[in-house]
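**Q** Only the shape, not the letters, is given here:
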């Protein structure tokens, strides 16, 4: 007999399997990746002096020989895929990756420049959040709107005036490639490190799409490993050059991380392996699906922003919430097994993972339009469940080989 807790878990799993998930910040691991996530690594601690060369640690837990092999393999694979010189895979979240960078480059009283939340910037760097708790002064990259161009001349004036310790380009609403080359040229001119927060487009970048931050001059890439990149929840720090690696690792060991959640690293290694073999095809299809869904929604009368720019070049599109009662719509969507967030972002990472392509985007747009128009909720829900039942096998994975 199942306990109440077992029923909650199994009910969640069953329901999610019947849903169309359009949350831009979520994705799913394949069976190939889950096998590592559920492995014995999840029970283990490990402290290797080889991992912590700058912390002074000189002890290790015995029984960790395979852990060391896994750790080094994962780092090498991340460097190969992203073109980095070093990779810190210890972070339990993208948020901790951001915190680590602040610890590594700034101290109380320093200034940093980042993306304003008003224009889609990461909320963790907003006033009153991480920088404020560390005594760091936050200034914002000059933009005029979400998706708007960065004012390079005004940014240079801000850098000259404020002498920031780092510039972090971070965006939770990530629709189009940023002017990274122009910003990094400016940062190098004034010897300011530049960090690209790829939490949302990391999977696209791994697949060679969207943009190539290191080739465009970025010093650092940080990100989450579970959004457009379909790995376990966690974070990553990637860097070019080795001059700051010591500081970043010192800000890790017993500072932002005291043990490295080995089952997550095991799963990350297999997700990177999948990305190496299937990432380009997956990233291309994500972007095609986003464009197709945006156009289909717009054609159905659900206004999508940036039509004049092709709507999006990423895994997410942005609904114009000023033209619709969006919070009310999201509640109705959930009742029909279509899951979104309340911000207006619609993501295609997870539905692409299940093999949906451009023709299916037309169907999804029609579902959303019917719900917005007040059609029968129960009838639409039945249609959604039947539709999703045709897409239960995950693609872009070794599971299918």
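**A** Received, thanks. All values reported here derive from a predicted model rather than from experimental measurement. Residues are numbered from 1 along each chain as shown.
**Q** all contacts plus neighbour counts: C-alpha atoms, from now on.
**A** Noted.
**Q** where's the closest residue to residue 40 other than its chain neighbours, which helix or strand?
**A** In this structure, residue 40 finds its nearest non-sequential neighbour in residue 263, 7.4 Å apart by CA to CA, 6 or more residues apart in numbering. Residue 263 is located in helix 262-299, with elements delineated by DSSP states H and E.
**Q** How far away from the center of its chain is the next helix or strand after that helix?
**A** Using DSSP H and E, the next helix or strand after helix 262-299 towards the C-terminus is strand 316-318. Taking CA atoms, centre = their mean, to the nearest Å, one finds the center of strand 316-318 at 14 Å from the center of the full chain.
**Q** Now strand 316-318: average pLDDT?
**A** Averaged across strand 316-318, pLDDT comes to 98.
**Q** Stretch 389-401 now?
**A** Rounded mean pLDDT across stretch 389-401 is 92.
**Q** Which residues belonging to it are considered buried?
**A** 391, 394-398 (16 or more other CA atoms under 10 Å).
**Q** could the residues you listed go into a markdown table alongside secondary structure and distance to residue 7?
**A** As requested, those are arranged in a markdown table below (DSSP: H, G, I helix; E, B strand; the rest coil; distance: CA to CA, whole Å):
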| residue | secondary structure | distance to residue 7 |
| --- | --- | --- |
| 391 | coil | 24 |
| 394 | coil | 25 |
| 395 | coil | 28 |
| 396 | coil | 31 |
| 397 | coil | 29 |
| 398 | helix | 31 |
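**Q** so how far is stretch 349-357 from its chain's centroid?
**A** On CA atoms, centre = their mean, the centre of stretch 349-357 falls 16 Å from the chain's centre.
**Q** got the end-to-end distance for that stretch?
**A** 11 Å (CA to CA, to the nearest Å).
**Q** got the contact list for it?
**A** With contact meaning CA atoms under 8 Å, 6 or more residues apart in numbering, stretch 349-357 is reached by 20-22, 24, 26-28, 227-228, 282, 285-286, 288-289, 315, 391-396.
**Q** before we move on, what about stretch 125-132?
**A** 99, 102, 114, 116-117, 123-124, 137-138.
**Q** so which of these comes closest to residue 301?
**A** residue 117 (27.8 Å; CA to CA).
**Q** Excluding chain neighbours, what is closest to that closest one?
**A** That would be residue 123: by CA to CA, 6+ apart, it lies 5.9 Å from residue 117.
**Q** Which of the helices and strands in the protein ranks last by mean pLDDT?
**A** helix 245-250 (a mean of 86; mean pLDDT, DSSP states H and E).
**Q** list the buried ones in that helix?
**A** 245, 247-250.
**Q** same check, this time on stretch 267-284
**A** Buried-residue list, stretch 267-284, by 16+ other CA under 10 Å: 267-276, 278-280, 282-284.
**Q** what's the answer for stretch 163-177, then?
**A** Here stretch 163-177 shows 164-177 as buried, counting by 16+ other CA under 10 Å.
**Q** can I assume residue 44 is in contact with residue 262?
**A** Yes: the pair residue 44 and residue 262 qualifies as a contact (CA atoms under 8 Å) at a distance of 6.9 Å.
**Q** Which one of these two is surrounded by more residues?
**A** residue 262 (23 against 15; other CA atoms under 10 Å).
**Q** pretty sure the more buried one is in contact with residue 38, am I right?
**A** No: Residue 262 is beyond contact range of residue 38, at 10.5 Å (criterion: CA under 8 Å).
**Q** which ones are touching the nearest residue to residue 271 once chain neighbours are set aside?
**A** Nearest residue to residue 271 in three dimensions, chain neighbours excluded: residue 231, at 5.3 Å (CA to CA, 6+ apart). Taking CA under 8 Å, 6+ apart, we find residue 231 in contact with 27-29, 33, 225, 267-268, 271-272.
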